[in-house]
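**Student:** quick one, what's the 3D model for this:
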Amino acid sequence: MNKKNNQVSANQQGPQDTIAKIKAISLHQPWASLITMGIKHFETRSWPTNYRGKLVICAAKKNSKEQQSSYCTLASGLGIDLTLHPWDSLPLGMAIAVCDLVDCIQMTEDFINEQSETERCCGHWEPGRFAWKLDNVQSLPLPVPIKGKQGLWNITPDAFVTT
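**Tutor:** Have a look, this model is predicted:
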């Protein structure tokens, strides 16, 4: 059998092969939902990634009173209507959106200063950290229960919670 016969073409891949090629990241609330609301366009991290492509945004299952307090403060400053988007409505332990991770930029003072005040309120902006540029954000019509992980991880069928 030659090397050519061992290759699988893209149209021969099964659904699990496609799913395994999509990366995911788990974010605490309210940061995950700020992406789906169209307010947050960069995910800020202490580490870079070479990955570019589809990225599933997952809302972490755990939350705290500090996160809730941050959300209320942000909502007030960003004009988020808490009657439409109350804290209790933000999904937890769910895949909530798919987007394109299009760039990873090491932050400099100049780059940080180019960002809107709104964007800077929605992340940890500091020289030397990294801004992951998110584009083409599409909220999932219904959030999907998922077992999140730390870091950037591959979506696999077993990541989805079954009831």
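**Student:** in the protein, which spans are helices?
**Tutor:** Secondary structure of the chain (DSSP state H): helices located at 3-6, 15-20, 31-36, 65-78, 109-114, 117-121.
**Student:** from I35, how far off is E117?
**Tutor:** Shown here: E117 relative to I35, a distance of 17 Å by Cβ to Cβ, to the nearest Å. (Each C-beta comes from the backbone N, C-alpha and C, glycine too.)
**Student:** more crowded one of those two?
**Tutor:** Neighbour count, other Cβ atoms under 10 Å: between E117 and I35, I35 has more, with 23 against 9.
**Student:** run through the bridge partners of the residue nearest the centre of the chain.
**Tutor:** The residue lying closest to the centre of the chain (Cα atoms, centre = their mean) is I57, at 3.3 Å. I57 has the following beta-bridge partners by DSSP bridges: I25, A97.
**Student:** I figured it hits L101, correct?
**Tutor:** No - with contacts counted by Cβ atoms under 8 Å, I57 stays clear of L101, the gap being 10.1 Å.
**Student:** who touches both of those two?
**Tutor:** Listed as contacting both I57 and L101 by Cβ atoms under 8 Å, 6 or more residues apart in numbering are L134.
**Student:** what's near enough to touch H85?
**Tutor:** Per Cβ under 8 Å, 6+ apart, neighbours of H85: S33, M37, A75.
**Student:** and L140, by the same measure?
**Tutor:** Applying Cβ under 8 Å, 6+ apart, one finds that L140 lies in contact with A95, I96, A97, V98.
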